[in-house]
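K.L.:
just coords:
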């Protein structure tokens, strides 16, 4: 089931990619506060909820209704020795038209995550989930978005990641 959902999201992203030529492209940065539930070893092996800052880069395209973004995020908590690298494709649907300054959206994500902790070295697998948020135009070619992203994985060592993300995008 998980692989079917991931495949469906990739197909939908590919179908949307043809709109890149008529869309506005953007690059950006993101900063977030994440909760990671992963496998650690601190004398007893168990799952541990862990929270810290994550940061990343994004590139994408958007039109009046849709936005597709390719994201690389990195999470590292040296206190619990857990880190996660995320490679995501997100597809968002804007709930209002582009004439409004604040534009809410809802979307899906699919990608790959690489997880490491004291006990686990370089485990990776498919991750998928959803997000919701809103964008705000702050200048003619700059917008900011605030979102919540939740993703689950298809492997045992990393259960899920939930994050509040602040993104800054330059449109060109």
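P.N.:
Nice, I can see it. This one's a predicted model, so the numbers in the text were calculated from it and none came from an experiment. Numbering: from 1, shown residues only.
K.L.:
can you pull out the helices in the protein?
P.N.:
Per DSSP state H, the chain carries helices over the ranges 2-17.
K.L.:
ranges for the strands of it?
P.N.:
Counting by DSSP state E, the chain has strands at residues 24-41, 45-62, 66-77, 82-94, 102-116, 123-139, 142-153, 158-171.
K.L.:
pLDDT weak spots in the chain?
P.N.:
For the chain, the stretches flagged by pLDDT under 70 are 1-22, 39-47, 119.
K.L.:
make it 50
P.N.:
For the chain, applying pLDDT under 50 flags the ranges 19-20.
K.L.:
pretty sure residue 33 is touching residue 164, no?
P.N.:
Yes - the criterion here is CB atoms under 8 Å, and residue 33 meets it with residue 164 at 5.2 Å. (Glycine included, C-beta is placed from N, CA and C.)
K.L.:
for the nearest residue to residue 79 once chain neighbours are set aside, give me its contacts.
P.N.:
Nearest residue to residue 79, sequence neighbours excluded (CB to CB, 6 or more residues apart in numbering): residue 52, at 7.8 Å. When contacts are counted by CB atoms under 8 Å, 6 or more residues apart in numbering, residue 52 touches 33-34, 36, 75-77, 79.
K.L.:
for residue 159, see how far away residue 52 is.
P.N.:
16 Å (CB to CB, to the nearest Å).
K.L.:
rewinding a little: which among the contacts of residue 52 end up buried?
P.N.:
Neighbour-count burial (16 or more other CB atoms under 10 Å) is assigned, among these, to 34, 36, 75, 77.
K.L.:
show me what contacts the last one?
P.N.:
Same thing as residue 77. The neighbourhood of residue 77, defined by CB under 8 Å, 6+ apart, consists of 36, 50-52, 83.
K.L.:
what about residue 32, how many residues nearby?
P.N.:
Residues near residue 32, counting by other CB atoms under 10 Å, number 22.
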